[in-house]
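Undergrad: Build me a structure from this.
(one chain, ligands or ions: 1)
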Amino acid sequence: MSMNIGIVCYPTFGGSGVLATELGKALADKGHGIHFITYQQPVRLTGFSANLFFHEVRVPTYPLFDFPPYETALASTMVDVVKNNNVDLLHVHYAIPHASAAYMAKQILKEQGLDIPFITTLHGTDITLVGKDKTYAPVVTFSINQSDAITAVSDNLRAETHANFAIQKEISVIHNFVDTKRFEKKPIDAFRKVIAPNGERIILHASNFRKIKRIADVIYTFNKIQKEIPSKLLLVGDGPERPMAEELCRELGLCEDARFVGKQQEMEEIYAIADLFLLPSEYESFGLAALEAMAAGTPVIATNAGGLPEIIEHGVNGYLSEIGDVENMSRNAKGILSNDLILQNFSKEARKTAEKFDIHNIVPQYESLYSKVLGK
Ligand code: GMT
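TA: Numbers count the residues shown, from 1 in each chain. The predicted structure is shown next:
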């Protein structure tokens, strides 16, 4: 039975926004009416579907405001969208400030005779970094507990949430997913040649270049790899750590071999030419970028932090190292890259793992939860 669902997310390149957008698109393909509510068109919300709607949250400014009240504008927009589009439920991604805004919207709608449940999906830093800060924690705890259902994107994040907050409700784990069909691309030779003109191996990192991603470890690891294996490093994305990373490449004399390409839309084409993906994060609740890489048959060298061990099987589809152990990460990378046959086996296994997290296996879990919450 089709439902009308309001999805609230960050519209940027962050994993939570990407996941929420892909979920909305998949649900729209299945006939549900999807209403995105956020301050900007989500970056992955491209193409046209008769079932997809985008409602922009406008935050009027006023000279009195040093901080325009986004949460108030968001809650008011939610009320408006629910009332005018027969929305059955709200699904908010990333607790801050989406869960508390949804709680407010729900109370307003209740006063007007509408009982609209909201589901909160926890994505990572909303719990492990930002959310547990004393300045946010009471509101985060309250609004998570007021949610009609709570999901976390990994077993690890579920455990972290219980460890950091007094949560009285069940948290269901619904892992990140990937459309494996979309990432099953043949590498474009001309593109590969631009990056690696002499057939060098291509090593990829993609993130929002925040401290938590440990970009310096990407570069130190690559530096060790390229001393033994002819290779090129492709860095996709942008963020606060990029100037430091560019400076480090200059210091290490890697300017010819490391290429920063900024934010990119066509990630399928990029994953397709990569031989190896590096993700040495301090923490990842799940690691959606790693899963997308694996869907393209790219093995992953990562840390054993957070939920990464839930997708990366050490020595099978990639390797896991302690945080900061660039020596170990480069040794493992060289092991995979040194031999075509080994690389092919890791690549096959990576793809096999990604298939377990295929969109067709995971999206129905959200649909079942929606039906449960709506009592259908
Ligand atoms: O990784 C980021 O910094 C972005 C962040 C977000 O919330 O936008 O991503 C988080 O959510 C993704 C989707 O659920 C997860 O795959 C990422 O692992 C998670 N990031 C962290 O936990 C650091």
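
Undergrad: got the domain boundaries for the chain?
TA: For the chain, automatic domain parsing gives the domain ranges 4-177+358-374, 180-356.

Undergrad: any chance of those in TSV, plus mean pLDDT and mean neighbour count?
TA: Placement of C-beta: from N, CA and C, glycine included. Shown next, in TSV, are the domains of the chain (pLDDT from 0 to 100; neighbours: other C-beta atoms under 10 Å):
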stretch	mean pLDDT	mean neighbour count
domain 4-177+358-374	95	18
domain 180-356	97	19
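
Undergrad: Mind putting these into JSON lines with distance to the ligand?
TA: Below are the domains of the chain laid out as JSON lines (distance: least, C-beta to the nearest ligand atom, whole Å):
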{"stretch": "domain 4-177+358-374", "distance to the ligand": "2"}
{"stretch": "domain 180-356", "distance to the ligand": "3"}
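
Undergrad: Which residues does stretch 205-219 contact?
TA: Stretch 205-219 has contacts (C-beta atoms under 8 Å, 6 or more residues apart in numbering) with 12-14, 125, 129, 233-242, 244-245, 248-249, 252, 254, 258, 264, 267, 270, 277-283, 289, 293, 303, 323-324, 326, 329.

Undergrad: from those residues, which ones fall inside helices?
TA: Counting by DSSP state H, these place 125, 242, 244-245, 248-249, 267, 270, 289, 293, 326, 329 in helices.

Undergrad: contact partners of stretch 142-161?
TA: 19, 89, 95, 99-100, 102-103, 106, 117-124, 127-128, 165-176, 285-286, 306-307, 309-310, 366, 369, 372-373.

Undergrad: From one end of that stretch to the other, what's the distance?
TA: Using C-alpha to C-alpha, to the nearest Å, the end-to-end distance of stretch 142-161 comes out at 13 Å.

Undergrad: what distance separates it from the centre of its chain?
TA: Here stretch 142-161 is found 16 Å from its chain centre; the criterion is C-alpha atoms, centre = their mean, to the nearest Å.

Undergrad: for stretch 348-364, same thing?
TA: Centroid separation between stretch 348-364 and its chain, computed with C-alpha atoms, centre = their mean, is 15 Å.

Undergrad: List the contacts of it.
TA: Taking C-beta under 8 Å, 6+ apart as the rule, stretch 348-364 contacts 22-23, 26-27, 30, 174-180, 183, 291, 293-300, 311-313, 316-318.

Undergrad: dump the residue contacts of residue 25.
TA: By C-beta under 8 Å, 6+ apart, the contact set of residue 25 is 34, 44-45, 49, 52.

Undergrad: Just those residues: which are in strands?
TA: Among the contacts of residue 25, the members falling in strands are 34, 52 (criterion: DSSP state E).

Undergrad: Could you export the contacts of residue 25 as CSV, including distance to residue 65?
TA: Listed next are the contacts of residue 25 as CSV, based on distance: C-beta to C-beta, whole Å:
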residue, distance to residue 65
34, 31
44, 31
45, 28
49, 36
52, 32
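
Undergrad: just the strands in the stretch 101-250 of the chain please.
TA: Along the stretch 101-250 of the chain, counting by DSSP state E, counting those that start in this stretch, strands occupy 118-122, 149-152, 171-173, 201-206, 231-236.

Undergrad: What strands flank the fourth one, and is each parallel or antiparallel?
TA: Read it as strand 201-206. If you go by DSSP bridges, strand 201-206 pairs up with strand 231-236 (parallel), strand 276-279 (parallel).

Undergrad: what angle separates that strand from helix 242-251?
TA: 160 degrees (axes from the mean of the first three to the mean of the last three C-alpha atoms, to 10 degrees).

Undergrad: what's the spacing between strand 201-206 and its chain's center?
TA: 18 Å.

Undergrad: Would you mind extracting the C-alpha trace of that strand into CSV?
TA: Extracted in CSV, the C-alpha atoms of strand 201-206 (Å, rounded to 0.1, in the frame of the first residue of the first chain):
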residue,chain,number,x,y,z
ARG,A,201,47.2,1.7,-9.8
ILE,A,202,44.5,4.2,-8.8
ILE,A,203,43.9,4.7,-5.1
LEU,A,204,40.8,6.7,-4.1
HIS,A,205,39.6,8.6,-1.1
ALA,A,206,36.2,10.4,-1.0
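
Undergrad: got the residue ranges for the helices in the protein?
TA: In the chain, the helices defined using DSSP H lie at 15-29, 70-85, 95-111, 125-128, 137-146, 155-164, 189-195, 215-228, 242-251, 267-273, 288-295, 326-337, 340-356, 359-373.

Undergrad: quick one: contacts for residue 220?
TA: Contacts of residue 220 by C-beta under 8 Å, 6+ apart are 326, 330.

Undergrad: right, I mislabeled it, should have said residue 282
TA: Contact partners of residue 282, counting by C-beta under 8 Å, 6+ apart, are 211-214, 303, 305, 323.

Undergrad: Please apply the same query to residue 268.
TA: 182-183, 185, 296.

Undergrad: ditto for residue 235
TA: Each residue near residue 235 by C-beta under 8 Å, 6+ apart is listed here: 205-206, 215, 218, 245, 258-261.

Undergrad: Kindly reformat those as TSV containing distance to residue 71.
TA: Below are the contacts of residue 235 laid out as TSV (distance: C-beta to C-beta, whole Å):
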residue	distance to residue 71
205	33
206	30
215	31
218	35
245	33
258	40
259	39
260	35
261	35
